[in-house]
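Novice: okay, structure incoming, though there's no sequence with it:
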């Protein structure tokens with residue numbers, strides 16, 4: 001029975017959304033209960049809604065054509081895009097220096113943190129984290 005659970009924890013996870021990280025579990029090595037447990041802050045504590053998540057180390061790219069478009073590329077091939085007024089609103093969250101670098105110079109910002117909203121297969125860029 002122990003081997004079956006170890007296999008399930010390591011490879012299968014539990015629940016319908018295991019492939020996106022929900023239901024993935026790790027085994028604790030402290031079985032005494034005496035050690036202090038570190039609990040990640042809840043989404044409510046970080047100001048995120050249940051459908052939002054933070055992407056680290058993303059690259060923001062600006063394309064001025066068609067009213068403006070921001071594309072975010074995250075490690076692992078995940079992307080999210082904003083266009084038009086939504087892109088302009090996102091830009092308003094950035095500092096003046098970041099806006100200048102994005103619009104006038106390199107047309108990209110690297111190593112950014114952003115908040116995205118995940119609704120099924122749709123990923124929507126929300127704001128810088």
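Specialist: Everything's here; your move. The structure presented is a predicted model; accordingly, all values stated were derived computationally and were not measured.
Novice: who's in contact with the longest helix anywhere in the chain?
Specialist: For the chain, the helix with the greatest residue count under DSSP state H is helix 84-92. Defining contact as Cβ atoms under 8 Å, 6 or more residues apart in numbering, one finds that helix 84-92 is touched by 67, 68, 69, 70, 82, 99, 102, 103, 125, 126, 127, 128. (Each C-beta comes from the backbone N, C-alpha and C, glycine too.)
Novice: swap in 7 Å and give it another go.
Specialist: Contacts of helix 84-92 with the rest of the structure, by Cβ atoms under 7 Å, 6 or more residues apart in numbering, involve 67, 68, 69, 70, 82, 99, 125, 127.
Novice: beyond the helix or strand hosting residue 61, next helix or strand please.
Specialist: Applying DSSP states H and E as the criterion places residue 61 in strand 52-63. Proceeding N to C from strand 52-63, the next assigned helix or strand is strand 69-73, under DSSP H and E.
Novice: that following strand pairs with which strands?
Specialist: Strand 69-73 sits in its sheet next to strand 52-63 (antiparallel), strand 79-83 (antiparallel), going by DSSP bridges.
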